[in-house]
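A.B. asks: mind looking at a prediction? Sequence and model below.
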Amino acid sequence: MTIPKVLGIFGHPVAHSLSPLMHNYAAKRLGLPFSYVAFDVEPDALKRAVESIRALGIVGVNVTVPHKERAAELVDELLGDAAFTGSVNTITNKNGKLVGTSTDGAGFLRALKSAGINPARKKVLMIGAGGSACSIGLSLLRAGVGELVVANRSEEGGKKMIGLLSRFGEISFVPSASPKAPEHAASADIIVQTTPVGMKASDPLPLAGIKFRKGQAVYDIIYAPERTKLLKLAEKQGAITMNGLSMLVYQGSESFKTWTGKAFPGKEVLGYLKRLLREKSNGKN
Ligand code: ATR
């Protein structure tokens with residue numbers, strides 16, 4: 001019997017994650033002996049969970065909400081974007097050495113470009129300033145955005161992000177509660193929503209009073225539900241809307257390549273996930 005090589009994801013909550021379906025589909029499709037498991041890891045258990053990667057010989061894991069920043073402190077080495085942002089979404093076990101990287105920024109940029117949107121010289125309003133936001137912000141600044149404004153609930157989170165990224169380009173902070181925040185949204189070419197607000201049906205809009213205009217691009221990194229309250233409103237007001245499914249696939253593609261050395265069948269995986277989500281939402285109706 002072949003012992004499967006284990007991959008996984010650490011998150012809390014994690015039950016909604018499509019990563020296990022996505023990576024297991026790709027491994028099967030390519031005939032690779034990998035098995036990808038979702039681990040619901042409570043925040044106070046993250047240290048032990050990371051140590052278990054070594055103990056159990058797990059090949060690699062993705063890290064998601066709310067662990068991306070803490071995970072960066074627990075690995076042995078940070079490489080690439082993760083070394084600048086202190087946010088990790090991929091841990092790779094290299095013969096017992098745990099290497100943390102982030103594929104979020106590269107995944108987001110590929111997702112945006114695959115929708116025909118080039119952020120160069122554009123004004124971007126980013127909602128949220130957590131680990132995902134830092135990785136996405138770095139990729140946007142490197143792609144030559146004209147102006148990046150970060151709207152965040154806490155001043156502490158917003159200022160921390162500015163401190164990390166200001167050397168890469170023009171970036172400023174506005175508190176989400178300030179009346180200036182929806183004004184920035186109205187004048188932005190691209191709005192990127194990176195908080196978990198919208199995952200629950202009862203959630204409010206992630207930015208109170210936000211209004212959209214025709215032709216504006218709105219990207220919500222949430223993919224479950226398929227259309228958040230924010231995306232529904234943006235679409236109604238004439239914006240071009242995208243959910244986080246494409247970013248999920250592209251960031252997953254980069255992680256998969258790191259762990260297995262093989263190219264990820266991205267288009268096929270995206271088609272598979274879209275079919276799954278459609279069937280799920282039809283089942284509900
Ligand atoms: P990730 O690393 O996956 O991006 P995170 O680090 O937990 O997740 O970041 C979550 C982001 O969503 C932060 O910007 C957080 O705002 P604060 O800095 O004020 O904590 C934001 N966020 C989380 N829950 C929120 C809520 N209920 N309302 C508004 N913003 C929220």
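C.D. replies: Alright, I've got the coordinates. Numbering: from 1, shown residues only.

A.B. asks: alpha carbons of stretch 21-37, as CSV, please.
C.D. replies: This file holds the C-alpha atoms of stretch 21-37, laid out as CSV (Å, rounded to 0.1, in the frame of the first residue of the first chain):
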residue,chain,number,x,y,z
LEU,A,21,-11.5,19.7,-2.8
MET,A,22,-9.3,21.7,-5.1
HIS,A,23,-5.9,20.2,-4.2
ASN,A,24,-7.3,16.6,-4.0
TYR,A,25,-8.9,17.1,-7.5
ALA,A,26,-5.6,18.3,-8.9
ALA,A,27,-3.5,15.5,-7.3
LYS,A,28,-5.9,12.8,-8.6
ARG,A,29,-6.0,14.4,-12.0
LEU,A,30,-2.2,14.3,-12.2
GLY,A,31,-1.9,10.8,-10.6
LEU,A,32,0.1,12.1,-7.6
PRO,A,33,0.0,10.4,-4.2
PHE,A,34,-1.0,13.4,-2.2
SER,A,35,-3.9,13.7,0.2
TYR,A,36,-5.0,17.2,1.4
VAL,A,37,-6.8,17.5,4.8
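
A.B. asks: buried stuff in that stretch?
C.D. replies: For stretch 21-37, burial by neighbour count (16 or more other Cβ atoms under 10 Å) applies to 22-23, 25-27, 32, 34-36. Glycine gets a C-beta too; all of them are placed from N, C-alpha and C.

A.B. asks: residue contacts, L78?
C.D. replies: 72, 86, 88, 99-101 (Cβ atoms under 8 Å, 6 or more residues apart in numbering).

A.B. asks: roughly how far apart are it and T90?
C.D. replies: Distance of L78 to T90, computed by Cβ to Cβ, to the nearest Å: 11 Å.

A.B. asks: what is in contact with those two at once?
C.D. replies: 100-101.

A.B. asks: next, count neighbours for the closest residue to L231 other than its chain neighbours.
C.D. replies: Distances taken as Cβ to Cβ, 6 or more residues apart in numbering put T241 closest to L231, at 4.6 Å, once the chain neighbours are dropped. T241 has 22 neighbours, counted by other Cβ atoms under 10 Å.
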